[in-house]
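Student: Next comes the sequence, and after it the predicted model I'd like to discuss.
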Number of protein chains: 4
Amino acid sequence: MAGISPQSPILANQGASSSSSSTNIPLAPPDKQPPNLHIPKKAEKTIGWAIVGLGELALAEIMPAFAECQLSKPVALVSGHPDKARKVAALHGIAEDAIYNYDNYDKLAADNRVDAIYIVLPNSMHAEFTIRGLKAGKHVLCEKPMSATVAEAEQMIAAAKAADKKLMIAYRLHYEPFNQKAMELCKSGALGKIKTFVSTNAQNVKAPNIRLSGELAGGPVGDVGVYSINAARYTLGEEPVEVFATAHQPKDDPRFREVPESVTFILRYPSGALAHCDCSFGTSESRFFRVLGTEGYLRMDPAFSYRGLRLHMKEGDAKSGDAEVKELVLQPVNHFAAEMDHFSSVILNGDKCLTPGEMGLADMKIVEAIEKSWKTNEPVKLS
Amino acid sequence: MAGISPQSPILANQGASSSSSSTNIPLAPPDKQPPNLHIPKKAEKTIGWAIVGLGELALAEIMPAFAECQLSKPVALVSGHPDKARKVAALHGIAEDAIYNYDNYDKLAADNRVDAIYIVLPNSMHAEFTIRGLKAGKHVLCEKPMSATVAEAEQMIAAAKAADKKLMIAYRLHYEPFNQKAMELCKSGALGKIKTFVSTNAQNVKAPNIRLSGELAGGPVGDVGVYSINAARYTLGEEPVEVFATAHQPKDDPRFREVPESVTFILRYPSGALAHCDCSFGTSESRFFRVLGTEGYLRMDPAFSYRGLRLHMKEGDAKSGDAEVKELVLQPVNHFAAEMDHFSSVILNGDKCLTPGEMGLADMKIVEAIEKSWKTNEPVKLS
Amino acid sequence: MAGISPQSPILANQGASSSSSSTNIPLAPPDKQPPNLHIPKKAEKTIGWAIVGLGELALAEIMPAFAECQLSKPVALVSGHPDKARKVAALHGIAEDAIYNYDNYDKLAADNRVDAIYIVLPNSMHAEFTIRGLKAGKHVLCEKPMSATVAEAEQMIAAAKAADKKLMIAYRLHYEPFNQKAMELCKSGALGKIKTFVSTNAQNVKAPNIRLSGELAGGPVGDVGVYSINAARYTLGEEPVEVFATAHQPKDDPRFREVPESVTFILRYPSGALAHCDCSFGTSESRFFRVLGTEGYLRMDPAFSYRGLRLHMKEGDAKSGDAEVKELVLQPVNHFAAEMDHFSSVILNGDKCLTPGEMGLADMKIVEAIEKSWKTNEPVKLS
Amino acid sequence: MAGISPQSPILANQGASSSSSSTNIPLAPPDKQPPNLHIPKKAEKTIGWAIVGLGELALAEIMPAFAECQLSKPVALVSGHPDKARKVAALHGIAEDAIYNYDNYDKLAADNRVDAIYIVLPNSMHAEFTIRGLKAGKHVLCEKPMSATVAEAEQMIAAAKAADKKLMIAYRLHYEPFNQKAMELCKSGALGKIKTFVSTNAQNVKAPNIRLSGELAGGPVGDVGVYSINAARYTLGEEPVEVFATAHQPKDDPRFREVPESVTFILRYPSGALAHCDCSFGTSESRFFRVLGTEGYLRMDPAFSYRGLRLHMKEGDAKSGDAEVKELVLQPVNHFAAEMDHFSSVILNGDKCLTPGEMGLADMKIVEAIEKSWKTNEPVKLS
């Protein structure tokens, strides 16, 4: 190594980098490393977040996602289990005096470290903790489904207005590139006129699990079906006017004493577009959606998952018996990091929130109509 | 929301979680959230790392990967550009006094924050900085290819022995699940007896780029071809005994004044297995390998990339005209985080290092033999 | 070539044969070619077929399929266009005196060359020509949908009984390996308990086309939707008890004056299984079905097409975050040849017909219920 | 059915037709079926074929393929097994007096039913029977590899010139749409400049099998490797100038007493393009090729098979980290029918033969050079 001076140029070995990241690097003169590589700036101001509810989603996905955020930092925890909260705080560098419980939650109002609250509680608790958070003067990101009822959703929106704070619903798929590409392709006319949306979001839920509780969680439509409802909106670009649904609630499976196992529903849209979807807590994991237009179709399969989304598009309709089915290979991102940084940017920079409370309310109206339909076995109109 | 007490059970909304992560959660009693969710423990001791060389790979991949590490923490930087180093240090919470340059690099010996050094310099600098790091009493993880020459690789191994420190080569694919599954399937006999390995690792490198420098980087075989060489080893499970290679170095492309554009090589193994591979700096990105056995084949396509690996396996050979081609869908991990935590665990827990200097040396012998072969247009034996 | 005697062994060059077909061939002694290769036997008796209706399906698919049949031979044509019929007869070696028209069709009774009749007429004509064919003493294979109404279907079955002749409906997918494999996997329990069926069968139909005629063809449910209805039966293994459907019939598209563009429907089954499907004459070609069980899912995509079917199966539910998605690679067959030979074998050998008139009737009941449902916007029970 | 007149329009039920075939059909008036559907014309003149050699390929693929030919008809057989030949003749409607053996083969000269001869004999017999066939005044289609030696290939071409008859080699992939599309994409520049070709053609051959005979068949390079050699030509568009090859011939496997199990070879081209390929008789069936250009790549996987080819193309190189991988979905054809009809059209219409003897000769030169290389362990130049 004698001939190699320590002042030699340095540049990372780029063996398997994508060529994109390795191609624009100027060859350094032998005594300097390239000075001008892109370094993400440390944000001047980041948003401090309080995470409310330390269940599996918070622990396995949301807390680790902060590591990939540019604008968001976890600074407080709210939990009913002080021991657990302390462990999580230690792991993520959160001060012990920033651990709250459900009783003293409102004291967040006086905690200046906290700008935003992320509600990761059971669905039945979304409304209360959102409203209390807004009253405490914080911006609130609330997990989906927004609430247990339409009425609650309306109260939450009203509370945000009263407090003059932002309210966002955690529709993370609006912030990741595969679904963004699907939205863009549908909107652009690449599929012609959109006619049909088909979707499944199903998984096996083992008891005991709070998601099997009617009171606390509300069943598969709000929990997993809402992904299909929301994806139908962001691909079709309109609101449904009528709903019909059928449910199956097996009497011989103790998991389904309170909520249906599976619900299948049809949505009718003003343009004449139709959607048909199912959601289930009783089948092997299966998640996809498909959008049919006059000139092609999109298939996201798997869809809705945290990772591993895949997007195909068919074009070139078989005039000659031939067609092209493209896989669109995109760089994945951490959905939760992208979602949280969006909300931080809304707060910091006044960006328009892409998934506000009003979107959650629109979905809740559909969720309620679906429930009414399968209970009455009749179609239900949406206003 | 009046009916919902703040002591209500809480559990994360699991809408799109994989069923694996959502199924074993006990239903909490109504006044408690589940106390027993798995929280990764904060490691009692973590390994402090110095990153040497702040090129693209370090900035875009390695520094961010620390956020996903359990056992590894960045505590020092070594760079020829103090301004850049300061920005990176600020972004990652590294103390200003832990910034070194190539001259005072040896002072790391006295910096107790630093346990391990990651060499991310141009290939030609690997040996010097590895040896200086070992002499400073630190463990060293060195990027591949290990060195510019076999002789350097041997000096590096000797230096590690003399210093009684660990030396690991950054073959990150040994630490991620897709390649681990491929290794396991090959070893288990699932493909029968392994006979043939085929691979491409190619990309377009735009000038100016240090990778196009013969002296500093050494050309495509060490840079990208080494992935194929290494993957042949971990799937075939043996060392080649003879090599033949052909190169193309276009005279009309100024990028390839010093290094070949493409090199194609055949490796022959003691069992009779054969490998044939190409590597290139002059084609659209293409990365795959394929392993043929008597009873089936594996295809990793894309292979070698940081993200987006896909693994298929064919079985059931067409007795009836039918076959099964399985896609093995695995949870991806951050390759660099897994690699660094492995080395930290080797240091902390005395685990056996899976990709030691000796593996890098074995690859360097093949790299050198390939170079000799294409230069002489003759097969070259390996001892 | 002097050294090569004409008595040398001969064996076909098998360069790219599947190994299945090339592996059991005994090596011949040098003066003999292998005498014992499998030669399909010329059937002692083949069934003579009359094709009724020389539209696109007959000309492009059915007539050419006879070349791949072992037991079936085209011997007569029935058409309203004598010129066209003569051309087709000449192309396929059918005697000129075996050309009939719709008036003298009943004279087939006296034509001993004809054993079986294939009805390839507009849907509205299926019943009449099936019944006349049965009365003429011939066995009848009728295209799907079996008829325009349930009442017609019942008359057809009664006519077959009265004539003591076989009546089969042309559900070709029961006779090809991809759908047979799907049936087998569903029945075997490989997916666990089957819960949900999802399907699309949609295409763009350009005017003018008889398929856009309400009276003659009946619209997309009988035409393309019946594939989904039938596939739900052969994967779920039961009959639906209730139906709900929604249709879209755009007022501004002259193609859809008589029939809806798209119909979406939900089927409910006694076990609690649910199916949701759409069919359309107004979108880019899209055909798939998906069957969700408690332990895995099947995806046929594309489904229903004459060629190019692809079948995937997911197993191994993500306990560890991993799963396997298998593509089942099967040898395709000509659907129409397999279907016709099945019927010939039913006639010759007394095999049980797998898709008898009763299956067609069962589907027609569902087709009618779907129509009633979208017209009344109410769910319709099936007895 | 009273209301349905027999004069009603008829049109095939098009349930699952591709929209291409169903969209341009004029709606018939109610008393007429559409008179103007496309009916393939019975060719005025067809070419009568003699098939020489009734091994597996002839029986399982070539004889059945005639059913899908427009211009080609089997009219004679040449076989060493009169019993077998009679059975095959009966099955395919060939006259008994058109059965020949290897001794009286030359009497074909007087058989006016025969225009063309298809040589489907062991490779070692190709030259003799091709030359005798040409001398008998017939056009000859000869299976690949063209011959056992370059010298033989040259004699065959000379014989065709002397007889003023056509000589074609049975490179069936030139006549089917997937490989034609690959050729077109490579030629069009869609991949940029072509740089690298990679291919495997491997299968398990069970003993006893004539393909394992050195004298009669010649080993895997001519048998399966020639597919890769030929595909490299039709994608790269040039002839190689140098070859290096390595073989493995296991001593402990009695199948490989006469021929190698596997051969791996590198081809170098004037443009600097490189190909590396393997062929084997000892691994599970695996067939693919991949063509790398400066702007994208093509992947045919599986390649070379009679059925089930799949073609993907990658474009859009990852500037943004994104890429598109298209599957090009084409309508498959019967390779042998397309190949035979091409030759019939060459004979009937004077079309230019796309795979003449000269192409076979060019491949034989490469096959011989590969054999010389692995035997000498040295690179071999091609003139």
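Tutor: All right, it came through fine.
Student: how many neighbours does the closest residue to A:Ile47 other than its chain neighbours have?
Tutor: Distances taken as Cβ to Cβ, 6 or more residues apart in numbering or on different chains put A:Ser344 closest to A:Ile47, at 3.8 Å, once the chain neighbours are dropped. C-beta: built from backbone N, CA, C; applies to glycine. By other Cβ atoms under 10 Å in any protein chain shown, 26 other residues sit near A:Ser344.
Student: so what secondary structure elements neighbour the strand or helix carrying A:Ser344?
Tutor: Assessed by DSSP states H and E, A:Ser344 sits inside helix A:335-349. Contacts defined by 3 or more Cβ pairs under 8 Å, 6 or more residues apart in numbering or on different chains; DSSP states H and E place helix A:335-349 against strand A:47-52, helix A:63-65, strand A:72-78, strand A:116-119, strand A:139-142, strand A:167-169.
Student: could you dump those to JSON lines with mean pLDDT and mean neighbour count?
Tutor: JSON lines is the format used below for the helices and strands packed on helix A:335-349 (pLDDT from 0 to 100; neighbours: other Cβ atoms under 10 Å in any protein chain shown):
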{"stretch": "strand A:47-52", "mean pLDDT": "98", "mean neighbour count": "26"}
{"stretch": "helix A:63-65", "mean pLDDT": "95", "mean neighbour count": "21"}
{"stretch": "strand A:72-78", "mean pLDDT": "98", "mean neighbour count": "25"}
{"stretch": "strand A:116-119", "mean pLDDT": "98", "mean neighbour count": "26"}
{"stretch": "strand A:139-142", "mean pLDDT": "98", "mean neighbour count": "28"}
{"stretch": "strand A:167-169", "mean pLDDT": "98", "mean neighbour count": "28"}
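Student: out of those, which comes closest to C:Lys326?
Tutor: Among the helices and strands packed on helix A:335-349, helix A:63-65 comes nearest to C:Lys326, with 31.6 Å by Cβ to Cβ.
Student: and the closest one with chain B, contact?
Tutor: Yes. Shown here: helix A:63-65 in contact with chain B (Cβ under 8 Å from any Cβ of the partner chain) through A:Pro64.
Student: ok, residues contacting that helix?
Tutor: By Cβ atoms under 8 Å, 6 or more residues apart in numbering or on different chains, the surrounding residues in contact with helix A:63-65 are A:Ile51, A:Pro74, A:Val88, A:Leu91, A:His92, A:Asn334, A:His335, A:Phe336, A:Ala337, A:Met340, B:Glu68.
Student: Which single residue in the stretch 101-250 of chain A comes nearest to chain C?
Tutor: A:His248 (3.9 Å; Cβ to the nearest Cβ).
Student: What is the neighbour count of that residue?
Tutor: Look at A:His248: counted by other Cβ under 10 Å, it has 22 neighbours.
Student: how much space is there between it and D:Ser199?
Tutor: 51 Å (Cβ to Cβ, to the nearest Å).
Student: cool, and A:Pro74?
Tutor: With distances taken as Cβ to Cβ, A:Pro74 is found 52 Å from D:Ser199.
Student: A:Ala162 too?
Tutor: 69 Å.
Student: if you count what's nearby, which of the two comes out ahead?
Tutor: A count of neighbours by other Cβ under 10 Å puts D:Ser199 above the other of A:Ala162 and D:Ser199, at 26 against 11.
Student: What helix or strand is the more buried one located in?
Tutor: D:Ser199 belongs to strand D:194-204, assigned by DSSP H and E.
Student: which helices and strands sit right next to that strand?
Tutor: strand B:194-204, strand B:262-268, strand B:274-280, strand B:282-293, helix C:19-22, helix D:226-236, strand D:274-280, strand D:282-293.
Student: Buried only: go through the contacts of helix A:63-65 for me.
Tutor: A:Ile51, A:Pro74, A:Val88, A:Leu91, A:His92, A:Asn334, A:His335, A:Phe336, A:Ala337, A:Met340, B:Glu68 (16 or more other Cβ atoms under 10 Å in any protein chain shown).
Student: related to what we said a few turns ago, tell me which residues in the helix or strand just after the helix holding A:Ser344 are buried?
Tutor: Tracing the chain past helix A:335-349, the next element assigned as helix or strand by DSSP H and E is helix A:357-376. Using 16+ other Cβ under 10 Å as the test for burial, helix A:357-376 gives A:357, A:359-371, A:373-374.
Student: Give the other helices and strands that the next helix-or-strand element following helix A:357-376 contacts.
Tutor: Counting by DSSP H and E, the next helix or strand C-terminal to helix A:357-376 is strand A:380-381. Helices and strands touching strand A:380-381, by 3+ Cβ pairs under 8 Å, 6+ apart, are strand A:242-248, helix A:357-376.
Student: which one of these lies closest to chain D?
Tutor: Nearest of the helices and strands packed on strand A:380-381 (Cβ to the nearest Cβ): strand A:242-248, 26.0 Å.
Student: and A:Gln70, how many neighbours?
Tutor: A:Gln70 is flanked by 16 other residues according to other Cβ under 10 Å.
Student: Test my guess that it contacts A:Lys45.
Tutor: No. Applying Cβ atoms under 8 Å, one finds A:Gln70 not in contact with A:Lys45, separated by 11.4 Å.
Student: Okay, now the unreliable bits of the stretch 251-383 of chain A?
Tutor: For the stretch 251-383 of chain A, applying pLDDT under 70 flags the ranges A:317-321.
Student: go with 80
Tutor: Filtered on pLDDT under 80, the stretch 251-383 of chain A yields the residue ranges A:316-322.
Student: Which residues of it lie near chain C?
Tutor: A:261-262, A:264-266, A:268, A:272-278, A:280, A:282-286, A:288, A:290, A:292-297, A:299, A:301, A:314, A:317-318, A:323, A:377-379.
Student: and chain B, which of these reach it?
Tutor: Counting by Cβ under 8 Å from any Cβ, the subset of these that neighbours chain B consists of A:Ser284, A:Glu285.
Student: Buried among the residues of the stretch 251-383 of chain A next to chain C? Make that a ChimeraX selection.
Tutor: Buried residues within those, by 16+ other Cβ under 10 Å, are selected in ChimeraX with:
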select /A:261,262,264,265,266,268,272,273,274,275,276,277,278,280,282,283,284,285,286,288,290,292,293,294,295,296,297,299,301,314,317,318,323,379
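Student: Among the buried residues of helix A:357-376, which one lies nearest to chain C?
Tutor: Closest to chain C, out of all of those and judged by Cβ to the nearest Cβ, is A:Ser373, at 9.3 Å.
Student: In its sheet, which strands sit next to the strand holding D:Ser199, and in what direction?
Tutor: Using DSSP bridges, the strands paired with strand D:194-204 are strand D:274-280 (parallel), strand D:282-293 (antiparallel).
Student: Which one of those strands lies nearest to B:Lys193?
Tutor: Across those, closest to B:Lys193 is strand D:282-293 (Cβ to Cβ), at 8.7 Å.
Student: Could you tell me which residues of the stretch 101-250 of chain A lie near chain D?
Tutor: A:Pro177.
Student: Around chain B, which positions in the stretch 101-250 of chain A sit nearby?
Tutor: Residues of the stretch 101-250 of chain A lying near chain B (Cβ under 8 Å from any Cβ): A:101-103, A:105, A:120-125, A:127-128, A:131, A:143-145, A:152, A:155, A:201, A:203-213, A:216-217, A:223-224, A:226-227.
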